[in-house]
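Novice: just coords:
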């Protein structure tokens, strides 16, 4: 099958294609498309004239490579690659299958003969071993499941059916999620079953084998609570109290470890709080968003959409995929849904709501926090409304149009 090129990420990586002194590490939640992105990079290199004799691609979950499980075996396989003039390109998919892989990558990196790319299990790659062995010698590119605009572009690329109304497509995206493989499954029930299988795979391969979970049922309770309450301001103390109230007492260190495990496995993403006036991070509760909305809908029989946190989740992931740092903003006594620090070190402010058309009070609630911010950085109110309001220089935009057109922050 012809590969869909995820240009947003390829543009970030292309400048490092021929860099031999840095290992390029692609991270992201399982099944978000890391392996396909790796193959796309190799494909682009071939298209620019790099000969096949200079490209070594190792999929460590394929039958021919499954026995490469030790550092010595990996080193021997790379060393056996026939010599070729010029820079060679090494791609290692699912690198966590090799014990002690870090020293091997570092050794071949230090020769200056190889441009190295690797993907693997997030819980492993972010657990500290890679940083210890390759500090300052690798660059990480975080990959997310398909954003809404990628979801639409991939449907068009493969000729999959689409609704003519962007808002109808946005509803489909919300329920189905952004895992690329799910696009090819025929029924919504199949797509949600696939999302459940991804969660099971993450628990088995990224969590159970790496982290001691003495009480799996308690871990599942914490996981499900956080998934079901995504987008809500959460503190460890409030979470402990809620679990205790429901008959699930848990020690604070255990809860911290479970939360960090979910973050490492990329099921959850943390969004801290930030004070606009002082430009400082705030201690206390933060918000947790899902790396893919299908994690929520696959775990719940009720498919009614609570648009507030759902639309926030979509905007959060969109901004992160663009390379923005994202925080929940406090503006005096008011809250701004998101403060974005863009890759070029500028700022943008975003309010997200389903609609502001219901009443003047609803409109005021969304515009007032932005009106109280006195700088001149862009300010947005994003809704599903098609009739758009003009107010004090703040841009009111239709969310689906905003995501599809890729307007800059």
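Specialist: Sure, I can see it. It should be emphasised that the depicted structure is a prediction, and the values quoted were computed from it without experimental measurement.
Novice: dump the residue contacts of residue 330.
Specialist: Contacts were defined as C-beta atoms under 8 Å, 6 or more residues apart in numbering; by that measure residue 330 touches 273-276, 282, 336. Bear in mind the C-beta positions are built from the backbone N, C-alpha and C, glycine included.
Novice: Looking at those, which gets the smallest pLDDT?
Specialist: Within the set of the contacts of residue 330, pLDDT is lowest for residue 282 (61).
Novice: before we move on, the earlier item: which two in the contacts of residue 330 are spaced the farthest apart?
Specialist: Greatest spatial distance among the contacts of residue 330 (C-beta to C-beta): 282 and 336, at 12.5 Å.
Novice: Drop anything exposed from the contacts of residue 330.
Specialist: 273-274, 276, 336 (16 or more other C-beta atoms under 10 Å).
Novice: so where's the stretch 151-300 of the chain uncertain?
Specialist: Applying pLDDT under 70 to the stretch 151-300 of the chain flags the ranges 277-284.
Novice: Helices of that one, start to end?
Specialist: Secondary structure of the stretch 151-300 of the chain (DSSP state H, counting those that start in this stretch): helices located at 166-176, 188-201, 216-228, 236-245, 252-264, 294-299.
Novice: just how off-centre is the shortest one within its chain?
Specialist: So the one you mean is helix 294-299. 16 Å (C-alpha atoms, centre = their mean, to the nearest Å).
Novice: For the next helix or strand after it, buried residues please.
Specialist: On the C-terminal side of helix 294-299, the nearest following helix or strand under DSSP states H and E is helix 307-321. Residues 307, 309-321 are the ones in helix 307-321 that count as buried (16+ other C-beta under 10 Å).
Novice: how about residue 349, secondary structure?
Specialist: strand (DSSP: H, G, I helix; E, B strand; the rest coil).
Novice: do the same with residue 117
Specialist: strand.
Novice: can you tell me which residue is nearest the centre of the chain?
Specialist: residue 144 (3.2 Å; C-alpha atoms, centre = their mean).
Novice: Could you check how far that one is from residue 54?
Specialist: 30 Å (C-beta to C-beta, to the nearest Å).
Novice: picking up where we left off before, how near is the residue nearest to the centre of the chain to residue 401?
Specialist: 21 Å.
Novice: ditto for residue 193
Specialist: For residue 193 relative to residue 401 (C-beta to C-beta), the value is 32 Å.
Novice: tell me which element residue 337 is part of?
Specialist: Per DSSP H and E: strand 334-341 holds residue 337.
Novice: Adjacent strands (with direction) for that strand?
Specialist: Here strand 334-341 has these sheet partners by DSSP bridges: strand 325-331 (antiparallel), strand 347-352 (antiparallel).
Novice: How far away from the center of its chain is the first one?
Specialist: Taking C-alpha atoms, centre = their mean, one finds the center of strand 325-331 at 18 Å from the center of the full chain.
Novice: could you give the angle of that strand to helix 307-321?
Specialist: 130 degrees (axes from the mean of the first three to the mean of the last three C-alpha atoms, to 10 degrees).
Novice: Quick one: mean pLDDT over strand 325-331.
Specialist: 90.
Novice: Equivalent analysis for the last one, please.
Specialist: The predicted model assigns strand 347-352 a mean pLDDT of 95.
Novice: got the buried residues for the next helix or strand after it?
Specialist: Remark: after strand 347-352, the chain's next helix or strand is helix 360-371, criterion DSSP H and E. Residues of helix 360-371 classed as buried: 363, 366-367, 369-370 (neighbour count, 16+ other C-beta under 10 Å).
Novice: Those residues into JSON lines, with extra columns for distance to residue 286 and pLDDT?
Specialist: Output for the buried residues of helix 360-371, formatted as JSON lines (distance: C-beta to C-beta, whole Å; pLDDT from 0 to 100):
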{"residue": "363", "distance to residue 286": "28", "pLDDT": "96"}
{"residue": "366", "distance to residue 286": "21", "pLDDT": "96"}
{"residue": "367", "distance to residue 286": "25", "pLDDT": "97"}
{"residue": "369", "distance to residue 286": "18", "pLDDT": "95"}
{"residue": "370", "distance to residue 286": "21", "pLDDT": "96"}
